[in-house]
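K.L.:
Build me a model from this:
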Amino acid sequence: MFSRDYFEIVPTDEIGDKNISPVLRGDNTLGVELWAVRHVLVYAHQQILNDSSMPDPSEYLNHLLIVNLLHPEMTTAWNKRKALLRKGRMSADLEMKITKLALSRVPKCNEVFAHRRWVIQNNYLSGW
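P.N.:
Presented below is the predicted three-dimensional model:
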């Protein structure tokens, strides 16, 4: 299960001396070093736009999550999540966790709030 509570872009001036992953994980936090954001976002965005070429659904979801977290203002990525939710390929509870994570970084993002509202209004959540 997805157990991260916070997401942040970690300011760094340049690539470190070591060849390590720019993804940083803490107890309940997830971060990406600033130098890698552009590269990772461009790659993930290209992958979700070419979703028909991706044989592994979990890989597609990972790329979609990257775009949602690094660029939460991108309506296209949230619409792709809605389509997957309609098809029953995603959990509404997970959607709420992902939107909470996106809001931990960009607390006033209209696209994230619109997605949360859509999930709730369309009765995808039980007990809400």
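K.L.:
residues contacting the residue nearest the centre of the chain?
P.N.:
Per C-alpha atoms, centre = their mean, the C-alpha nearest to the average position across the chain is that of Leu65, at 2.7 Å. Residues in contact with Leu65, defined by C-beta atoms under 8 Å, 6 or more residues apart in numbering, are Ile98. (Each C-beta comes from the backbone N, C-alpha and C, glycine too.)
K.L.:
Next up, phi/psi of it, please.
P.N.:
Phi and psi for Leu65, reported as degrees, to the nearest 10, are phi -60, psi -40.
K.L.:
And the contacts of the longest helix seen in the chain?
P.N.:
Using DSSP state H to define each element, the chain has its longest helix at helix 34-49. Contacts to helix 34-49, defined as C-beta under 8 Å, 6+ apart, come from residues 9-15, 22, 32, 54, 59-60, 63-64, 66-67, 70-71, 74, 76-77, 80.
K.L.:
By mean pLDDT, point me to the weakest helix or strand of the chain.
P.N.:
The least trusted helix or strand in the chain, going by mean pLDDT, DSSP states H and E, turns out to be strand 23-25, with a mean of 81.
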